[in-house]
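Participant: sequence first, predicted model second:
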Amino acid sequence: MNILVLGAGAWGTALAVSASANPRQAHQVTLWARDASQARAMRADHVNARYLPGLHLPEGLRIVDGTDVARFCGGQDLVILGAPMAGLRELLQELRDCRVPVAWICKGLERSRSAAGETQPAQSVGLMAHEVQAEVAPQLLSGVLSGPSFAQEVALGRPTALVAASAHALVRERLVQAFHSPRLRVYENDDLVGVEVGGAVKNILAIATGLCDGLNLGLNARAALITRGLAEMMRFGLALGARAETFMGLSGLGDLVLTATGDLSRNRKVGLLLAQGKTLNEAVTSLGHVAEGVYCARTVAQRARHLGVDMPITEAVVALLDGEMQPQQAVQALMEREPSSEIR
Ligand SMILES: NC(=O)C1=CN([C@@H]2O[C@H](COP(=O)(O)OP(=O)(O)OC[C@H]3O[C@@H](n4cnc5c(N)ncnc54)[C@H](O)[C@@H]3O)[C@@H](O)[C@H]2O)C=CC1
Ligand SMILES: O=C(CO)COP(=O)(O)O
């Protein structure tokens, strides 16, 4: 297969390496970097020093740059959109006439533009990835690749499993063909909404568990937080039309456990740093990578309010990120809630 990966951050690069080195089937992989100087350095040194340092890029991996990305789609069998949520709309707009199956890998919702605490009308809150696609590139055959996958581990060929979600069988099949290997199992799912919700909400919950661990609240607290987080992720997803089983799968429970407990997580790191008294700006700047939970927490909270879905952990994370609560106050706000039924 010919595979084009648009975006040379940590995850785009790791997926390009993984497909390029797939022992099950030889693929010709092209990796596009937005930054021309980064592309030049990667071509010269065979390493992505900025986003995935220490990993040798396969000789067969073609690295390109330049504007008008749609021109790189000719002759491809699959296009991976490797940008974070903030770059998805622009990429989709550029690819709106593309006839090749496309999959995004970002885990978030579009950032809300309203002020803290402000309630927006339902039609103007931030969108999920498939909603952005429906708005700007409705003809595209598209889907999402998600699941528990730290880029560094995948790039080293350590085993994991992913989920390829799309309403189109062809998109799911191409994703399996591209990435399924003895090191990476790729499962299919047609519940695009559920897979996207899992990928986005787990990032918010990872900020919460980072905070919990940073405050030394204990292992019991962390387990309770993850479990109640899963409950609110599922309530939100069901209200958006997802299937419950998806949240017991790789993009729900799987990615939540990984990101909430794994120290490679950037979202978890944000929570840990906030617990140490760092400002949000200091925490985000020190990462050098994107932490999607920071940008989508408010959008998720707004959409949940419009849907009448209770998401207390997400609301506490929003209050914390907006500087309306200190870490200890956020914990107190969650613990002092009125008793309620476990299953709602
Ligand atoms: N790193 C990981 O382990 C994984 C990341 N993801 C998701 O993949 C997405 C990308 O994450 P990473 O590659 O880790 O990010 P990163 O922080 O390593 O790299 C970000 C990349 O996106 C580009 N970029 C930044 N803003 C952009 C914009 N507005 N428009 C276009 N491009 C832009 C940067 O130039 C850079 O190439 C995120 O949504 C993340 O949640 C998913 C699975 C694993
Ligand atoms: O999505 C991820 C692993 O599946 C990466 O999580 P972070 O963005 O928190 O590092």
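Facilitator: It's in. Numbering: from 1, shown residues only. Ligands and ions are numbered 1, 2, ... in the order given.
Participant: residue 143 - that's part of a strand, no?
Facilitator: Yes: under DSSP: H, G, I helix; E, B strand; the rest coil, residue 143 falls within a strand.
Participant: now do it, the pLDDT please.
Facilitator: Among the per-residue scores, residue 143 shows a pLDDT of 98.
Participant: over to residue 171?
Facilitator: So residue 171 comes in at 98 (pLDDT).
Participant: same question for residue 323.
Facilitator: Residue-level pLDDT assigned to residue 323 equals 96.
Participant: please identify which helix or strand holds residue 297.
Facilitator: Here residue 297 is covered by helix 292-307, with elements defined by DSSP states H and E.
Participant: pLDDT weak spots in the chain?
Facilitator: Applying pLDDT under 70 to the chain flags the ranges 113-124.
Participant: which residue is nearest the middle of it?
Facilitator: Nearest to the mean C-alpha position of the chain, counting by C-alpha atoms, centre = their mean, stands residue 107 at 1.9 Å.
Participant: so that one belongs to a helix, correct?
Facilitator: No: assigned with three-state DSSP, residue 107 falls outside any helix and is coil.
Participant: using CSV, write out every CA atom in the longest helix seen in the chain.
Facilitator: For the chain, the longest helix by residue count, based on DSSP state H, is helix 192-214. The C-alpha coordinates for helix 192-214 follow below in CSV (Å, rounded to 0.1, in the frame of the first residue of the first chain):
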residue,chain,number,x,y,z
LEU,A,192,-17.1,6.3,15.4
VAL,A,193,-18.8,8.5,18.0
GLY,A,194,-18.0,6.2,20.9
VAL,A,195,-14.3,5.8,19.8
GLU,A,196,-13.9,9.6,19.5
VAL,A,197,-15.6,10.3,22.8
GLY,A,198,-13.3,7.7,24.5
GLY,A,199,-10.2,9.3,23.1
ALA,A,200,-11.2,12.8,24.1
VAL,A,201,-12.6,12.3,27.5
LYS,A,202,-9.8,10.0,28.7
ASN,A,203,-7.4,13.0,28.3
ILE,A,204,-9.5,15.1,30.7
LEU,A,205,-9.6,12.2,33.1
ALA,A,206,-5.8,11.8,32.9
ILE,A,207,-5.4,15.4,34.0
ALA,A,208,-7.6,14.6,37.0
THR,A,209,-5.7,11.4,38.0
GLY,A,210,-2.4,13.3,37.5
LEU,A,211,-3.7,15.8,40.0
CYS,A,212,-4.9,13.1,42.3
ASP,A,213,-1.5,11.3,42.3
GLY,A,214,0.4,14.6,42.6
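Participant: briefly note if that helix comes near ligand 1.
Facilitator: No: judged by C-beta under 6 Å from any ligand atom, helix 192-214 stays clear of ligand 1, getting no closer than 6.5 Å. (Glycine included, C-beta is placed from N, CA and C.)
Participant: surely residue 206 touches residue 267?
Facilitator: Yes: under the criterion of C-beta atoms under 8 Å, residue 206 makes contact with residue 267 at 3.8 Å.
Participant: between these two, which is the more surrounded one?
Facilitator: The neighbour comparison of residue 206 against residue 267 (other C-beta atoms under 10 Å) goes to residue 206, with 30 against 26.
Participant: quick check: the more buried one vs ligand 2, distance?
Facilitator: 5 Å (C-beta to the nearest ligand atom, to the nearest Å).
Participant: quick one: what helix or strand has residue 148 in it?
Facilitator: Using DSSP H and E, residue 148 sits in no helix or strand.
Participant: that one touches residue 250, doesn't it?
Facilitator: Yes: under the criterion of C-beta under 8 Å, residue 148 makes contact with residue 250 at 6.2 Å.
Participant: count of neighbours near residue 315?
Facilitator: Around residue 315 there are 21 residues (other C-beta under 10 Å).
Participant: what sits against the residue of the stretch 51-200 of the chain found nearest ligand 2?
Facilitator: Closest residue of the stretch 51-200 of the chain to ligand 2, C-beta to the nearest ligand atom: residue 149 (4.5 Å). With contact taken as C-beta atoms under 8 Å, 6 or more residues apart in numbering, residue 149 is in contact with 11, 14, 160, 162, 255, 258.
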